[in-house]
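1. mind folding the following:
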Amino acid sequence: SSWNSLVDLALHEATVREMADALLAHGLDRLGYRYVNVDCGWSHVNRTSDGQIQADPLRFPTGMAALGRYLHQRGLLFGLYTARGKRECC
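-> Next up is the predicted model:
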């Protein structure tokens, strides 16, 4: 996975958007590459007061719903890793 190059988990919304735009600019979507999957490293360490996972506001300032809309508006599909427990695996 190309995300593995982000060893320090410096995953940011801008990076995901740039990779999605590059995927389209190079015509990879026409070859069947339509999924943009975000693995661990996107969520905040703490959940909301009602136990919901939330995006790290420093790394994903507009939130995951906005990122999903951005990708969907470009005809891409959005996958998002989450964990059932209280913490991610990374």
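
2. how far away is the closest residue to Arg59 other than its chain neighbours from Met19?
-> In space, and not counting its chain neighbours, Arg59 is closest to His12: 4.9 Å by C-beta to C-beta, 6 or more residues apart in numbering. Where you see a C-beta, it was placed from the backbone N, CA and C, and this is true even at glycine. Plainly put, His12 is 11 Å away from Met19 if you go by C-beta to C-beta, to the nearest Å.

3. pick out whichever of these two has more residues nearby.
-> Neighbour count, other C-beta atoms under 10 Å: between His12 and Met19, His12 has more, with 17 against 14.

4. mind listing the helices for this structure?
-> Assigned by DSSP state H, the helices in the chain fall at 13-25, 63-73.

5. give me the nearest residue to the residue most central in space within the chain, chain neighbours excluded.
-> A centroid search over the chain (C-alpha atoms, centre = their mean) returns Val38, at 3.4 Å, as the residue closest to the centre. Counting by C-beta to C-beta, 6+ apart, Leu80 is the residue found nearest to Val38 once chain neighbours are left out, at 5.4 Å.
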